[in-house]
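# give me coordinates for this.
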Amino acid sequence: MGSISLQNVSKNFGGVTVIPDISLEIEDGQFVVFVGPSGCGKSTLLRLIAGLEDVSGGVIQIDGQDMTRTAPAQRKLSMVFQSYALYPHMSVRGNIAFPLKMEGADKETIDKAVNNAASILNLTDYLDRKPRQLSGGQRQRVAIGRAIVRQPKAFLFDEPLSNLDAALRVNMRLEISELHKKLKTTMVYVTHDQVEAMTMADKIVVLNAGNIEQYGTPLELYTKPANRFVAGFIGSPRMNFIEGDEAKKMGAHTVGVRPEHLSPSKTEGLWAGTVGVAEHLGSDTFLYVHVDDVGQITVRASGDVAFHSGETVYMTPMDGRLYKFDAQGQAI
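Numbering: from 1, shown residues only. Presented below is the predicted three-dimensional model:
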């Protein structure tokens, strides 16, 4: 079991409030991702759950038990950090086994746990190597293996892929998702990368200035954003926002439309503009269009769309794909 409940949790550093008041329910076995811009409080919130920071107010429950003032080691959680934090003088086997040795487990128990973790993470052939002989992705797998052997109630990941190159990030993203399916253990994952959040999560927590802007499935956040912040943060390229008279005509302070929900045409459409830059990427074409009295609009079209810089393009939003927001940024 690994349910986590936060009830009116807050955190202050001196006179600065980082997390004003958060309540959140994470169900047993869920993969929940905390996402948001730098400084939004996502890593702090993870550290509060882990017990690495003391809460200023509120209650943290794990499996229904109050763990608010409990030491990190007693919470039965395993944390994987951005830095691998491996012991360079130890082998892979020694690094993975280290938590169990510290707990005083016998050799048979340790060997069985290490071999099981290595099998899950495809590290069996590397058990006798030192960390310096491994790639970045393999080192991160060793760090995850060290967390697995403790058989935690939940895994806490703090931007674990930040130090990897783009190709490795994609591979590790898939591996962690597969790991979750195998272990069926609660995972809480922090990232600033909304693509990671959308592809990995059962549910996403979007944080902004220490507050939860929205908590829901990736599809809910994409199709029904609660406010302009969520609408602009989820989705790549980001949503187009139109204000002023054009938005007022549609009964809103701000109108939003995603680049992939605009149909480009050479003959007619709701808005007409001039293509500034056309990025032809093979599968997709991104058009950056200048529209008078509206501003720049990004269009995501199929790769074979034949628009070029300086051409006129007409754009029409797809049915039901126009979002409206009031002056406070809340969805209408």
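# now the helices for the chain?
For the chain, the helices defined by DSSP state H occupy 42-50, 92-102, 107-120, 136-148, 166-183, 194-200, 218-223, 228-233, 245-249.
# make a markdown table out of those helices and add mean pLDDT, mean neighbour count and distance to Val294.
Yep, even glycine has a C-beta here, placed from its N, CA and C like the rest. Formatted as a markdown table, the helices of the chain follow (pLDDT from 0 to 100; neighbours: other CB atoms under 10 Å; distance: least, CB to CB, whole Å):
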| stretch | mean pLDDT | mean neighbour count | distance to Val294 |
| --- | --- | --- | --- |
| helix 42-50 | 96 | 22 | 34 |
| helix 92-102 | 93 | 20 | 56 |
| helix 107-120 | 93 | 16 | 52 |
| helix 136-148 | 90 | 22 | 44 |
| helix 166-183 | 89 | 15 | 33 |
| helix 194-200 | 92 | 20 | 25 |
| helix 218-223 | 97 | 17 | 23 |
| helix 228-233 | 96 | 22 | 17 |
| helix 245-249 | 93 | 13 | 6 |
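# quick one: closest of those helices to His261.
Closest to His261 of those is helix 218-223 (CB to CB; 10.6 Å).
# who are the packing partners of the closest one?
If you count contacts as 3 or more CB pairs under 8 Å, 6 or more residues apart in numbering; DSSP states H and E, helix 218-223 packs onto helix 194-200, strand 203-208.
# quickly note the distance from the nearest residue to Cys40 once chain neighbours are set aside to Val230.
The shortest distance from Cys40 to any non-neighbouring residue, by CB to CB, 6 or more residues apart in numbering, is to Leu207 (4.3 Å). Using CB to CB, to the nearest Å, Leu207 is found at 10 Å from Val230.
# what residues are shared contacts of these two?
Common contacts of Leu207 and Val230, defined by CB atoms under 8 Å, 6 or more residues apart in numbering, comprise Glu213.
# report the contact partners of the closest residue to Gly64 other than its chain neighbours.
Of all residues not flanking Gly64 in the chain, Ser3 sits nearest, at 7.2 Å (CB to CB, 6+ apart). Ser3 makes contact with Glu25, Ile26, Glu27, Asp28, Gln61, Ile62, Asp63, Gly64, Thr186 under the criterion CB under 8 Å, 6+ apart.
# how close does Ser3 get to Thr185?
12 Å.
# quick check: Glu53 touching Lys11?
Yes. Between Glu53 and Lys11 there is a contact at 6.6 Å, judged by CB atoms under 8 Å.
# which of these two has more neighbours?
Using other CB atoms under 10 Å as the criterion, Glu53 and Lys11 rank with Lys11 on top: 22 against 18.
# before we move on, the earlier item: adding distance to Tyr314, write the helices of the chain out as a markdown table.
Below are the helices of the chain laid out as a markdown table (distance: least, CB to CB, whole Å):
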| stretch | distance to Tyr314 |
| --- | --- |
| helix 42-50 | 41 |
| helix 92-102 | 59 |
| helix 107-120 | 53 |
| helix 136-148 | 46 |
| helix 166-183 | 35 |
| helix 194-200 | 30 |
| helix 218-223 | 25 |
| helix 228-233 | 24 |
| helix 245-249 | 15 |
